[in-house]
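In: No sequence on hand, only this structure:
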């Protein structure tokens, strides 16, 4: 049988599509090697011999630590800092979370991001002596960018550092149920919900077989202590299999709705969160589809990602409608420059037409005034047109009427601008994205 997610070779085929299979002998050897008796026992014995004599691991993804601790080997780069994310990668990851939060908040929901720390980040004292903790941390740089962008996040490193007891399995790459309860309490507190799961967990005895232990010793029988807590929710979709891609739950004691994207750390985390929400959906999809917020009526959206998987934020594309942005604002133009260079030129034809109409309307008012009150009405009714007409009749129009015409034109133009500036800004400013 296969172990540690190993896929056994398929049975060899002599002929395929009527032709002889040239790889028949190689496939036969692989098939036999994968199924001969006591294969797993032999692999386990060889791994234990190397661990005892040479302090080396025969499994590529397992790193031997101190005092029987095992670590996930690919996280060594995060630990030593020898392959950090570039500044551009960190910015893109932070920007993705910013856009996710913006979309969630525009639909009336709250957003929260958290990263489950690597085991060697929390417990470096159990790492091999030959490894040294680096000074560069992708998480520090990412959280600093999230602070600048105003993205809500929870740094679980601070939460776990306050507890003296180890809350990760010795032979697994994940936290135990008690560690998950601590993370759940912190997450729910960040979402303004009360819980006390951490103090309510009880030992379930030696019931857990670590994933790293199974990779290294596929025939091993050792188990670790785990903890248990009995949540009060029930499944409404799929089954109660925690490894399902999507799990939907409902709780009789919770309120609100939750949409949570999680990875393997969420396997032991989601039961605690599910109990505090009336309905909840947990997904292991790497492409975060926040459009589901509307379909589920979610009041909260949470993205939980392991520290070792932070690059998923730039490797997978989030799914939600692109936000609308004024193109000029993206290029750095301010409100005044946008108005003068974009809004005003687009309505200049309308401005000329409205000036002409306004000018005609002004002279039309003079006609009614003249018919009602004559050439010399009272001071309150005396208009510029009366002044021009009276001087014209007295043959004094050569100089004075020219000046008055200029003044009248600028007065009319200024009046038009003051009356229509709000109309221009309201109808034209939001027409370019």
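Out: Perfect, I can see it now. None of these values were measured; they are calculated from a predicted model.
In: in the stretch 251-400 of the chain, which spans are strands?
Out: Secondary structure of the stretch 251-400 of the chain (DSSP state E, counting those that start in this stretch): strands at 257-261, 279-283, 300-306.
In: Tell me which of these sits nearest to residue 244.
Out: Residue 244 lies closest to strand 279-283 among these, at 8.5 Å (CB to CB). Heads up, the C-betas are built off the backbone N, CA and C, glycines and all.
In: May I see the buried residues of that closest one?
Out: 279-283 (16 or more other CB atoms under 10 Å).
In: now swap in stretch 147-163 and tell me
Out: With burial defined by 16+ other CB under 10 Å, the residues of stretch 147-163 counted as buried are 151-157, 159-160.
In: So residue 205, which state does it fall into?
Out: At residue 205, secondary structure determined by DSSP: H, G, I helix; E, B strand; the rest coil is strand.
In: Just confirm it contacts residue 225, I think it does.
Out: Yes. At 6.6 Å, residue 205 counts as touching residue 225 under the criterion of CB atoms under 8 Å.
In: Between the two, point out the one with more neighbours.
Out: Neighbour count, other CB atoms under 10 Å: between residue 205 and residue 225, residue 225 has more, with 15 against 11.
In: What's the separation between the more buried one and residue 143?
Out: With distances taken as CB to CB, to the nearest Å, residue 225 is found 32 Å from residue 143.
In: In space, what's closest to residue 174 - neighbours in sequence excluded?
Out: Leaving aside its sequence neighbours, residue 174 sits nearest to residue 265 (CB to CB, 6 or more residues apart in numbering; 5.7 Å).
In: Tell me how many other residues crowd the one you found.
Out: When neighbours are counted by other CB under 10 Å, residue 265 registers 25.
In: what's near enough to touch it?
Out: Each residue near residue 265 by CB atoms under 8 Å, 6 or more residues apart in numbering is listed here: 116, 174-175, 180, 304, 306.
In: buried sites along stretch 46-57?
Out: Buried residues in stretch 46-57, defined by neighbour count with 16+ other CB under 10 Å: 47, 50-51, 57.
In: Just put the residues you listed in CSV and tack on distance to residue 236 and secondary structure.
Out: Listed next are those as CSV, based on distance: CB to CB, whole Å; DSSP: H, G, I helix; E, B strand; the rest coil:
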residue, distance to residue 236, secondary structure
47, 43, helix
50, 48, helix
51, 45, helix
57, 42, coil
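In: Do I have it right that residue 191 meets residue 111?
Out: No. Residue 191 sits out of contact with residue 111 when judged by CB under 8 Å, with a separation of 9.8 Å.
In: center of this protein - which residue?
Out: Nearest to the mean C-alpha position of the chain, counting by CA atoms, centre = their mean, stands residue 97 at 2.9 Å.
In: where do the strands sit along the stretch 1-150 of the chain?
Out: For the stretch 1-150 of the chain, the strands defined by DSSP E, counting those that start in this stretch occupy 15-16, 19-20, 62-64, 70-72, 110-116.
In: what about the residue nearest to residue 94 when sequence neighbours are not counted, how many neighbours?
Out: Spatial nearest neighbour of residue 94, chain neighbours left out: residue 145 (3.8 Å); criterion: CB to CB, 6+ apart. For residue 145, the count of nearby residues is 17 (other CB under 10 Å).
In: What of residue 350?
Out: Neighbourhood size, residue 350 [other CB under 10 Å]: 14.
In: Please apply the same query to residue 275.
Out: By the criterion of other CB under 10 Å, residue 275 has 22 neighbours.
In: quick one: contacts for it?
Out: Contact analysis of residue 275 by CB under 8 Å, 6+ apart lists 231-233, 251, 253-254.
In: Need these in TSV (columns: neighbour count, distance to residue 311 and pLDDT).
Out: As requested, the contacts of residue 275 are exported to TSV (neighbours: other CB atoms under 10 Å; distance: CB to CB, whole Å; pLDDT from 0 to 100):
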residue	neighbour count	distance to residue 311	pLDDT
231	17	32	74
232	12	36	75
233	23	32	75
251	18	34	89
253	11	37	85
254	20	33	88
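In: which regions of the stretch 251-400 of the chain sit below the pLDDT cut-off?
Out: Applying pLDDT under 70 to the stretch 251-400 of the chain flags the ranges 325, 329-330, 361-371, 381, 384-385, 392, 395-400.
In: related to what we said a few turns ago, would you list the strands of the stretch 1-150 of the chain in a markdown table and tack on distance to residue 311?
Out: Shown next, in a markdown table, are those (distance: least, CB to CB, whole Å):
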| stretch | distance to residue 311 |
| --- | --- |
| strand 15-16 | 39 |
| strand 19-20 | 43 |
| strand 62-64 | 20 |
| strand 70-72 | 15 |
| strand 110-116 | 12 |
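In: of the ones you listed, which approaches residue 389 most closely?
Out: Closest of the strands of the stretch 1-150 of the chain to residue 389 is strand 110-116, at 69.2 Å (criterion: CB to CB).
In: Touching that closest one from outside, list them.
Out: Strand 110-116 has contacts (CB under 8 Å, 6+ apart) with 97, 100-101, 104-105, 139, 146, 151-156, 174-175, 183, 187, 190-191, 263, 265, 299-307, 310.
In: Give the ChimeraX command for selecting the buried subset of these.
Out: A single ChimeraX command selects the buried members of these (16+ other CB under 10 Å):
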select :97,100,101,104,139,146,151,152,153,154,155,156,174,175,183,187,190,191,263,265,299,300,301,302,303,304,305,306,307,310
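In: Among the contacts of strand 110-116, name the ones in helices.
Out: Among these, the members found in helices (DSSP state H) are 97, 100-101, 104-105, 139, 146, 156, 183, 187, 190.
In: Which one of those residues is nearest to residue 292?
Out: residue 104 (10.8 Å).
In: Tell me which of the strands of the stretch 1-150 of the chain sits most buried.
Out: Highest mean neighbour count among the strands of the stretch 1-150 of the chain (mean count of other CB atoms under 10 Å): strand 70-72, with a mean of 25.
In: which ones are touching the nearest residue in space to residue 172 that is not next to it in sequence?
Out: Distances taken as CB to CB, 6+ apart place residue 210 nearest to residue 172, at 3.5 Å, with adjacent residues excluded. Applying CB under 8 Å, 6+ apart to residue 210 gives the contacts 70, 169-173, 224.
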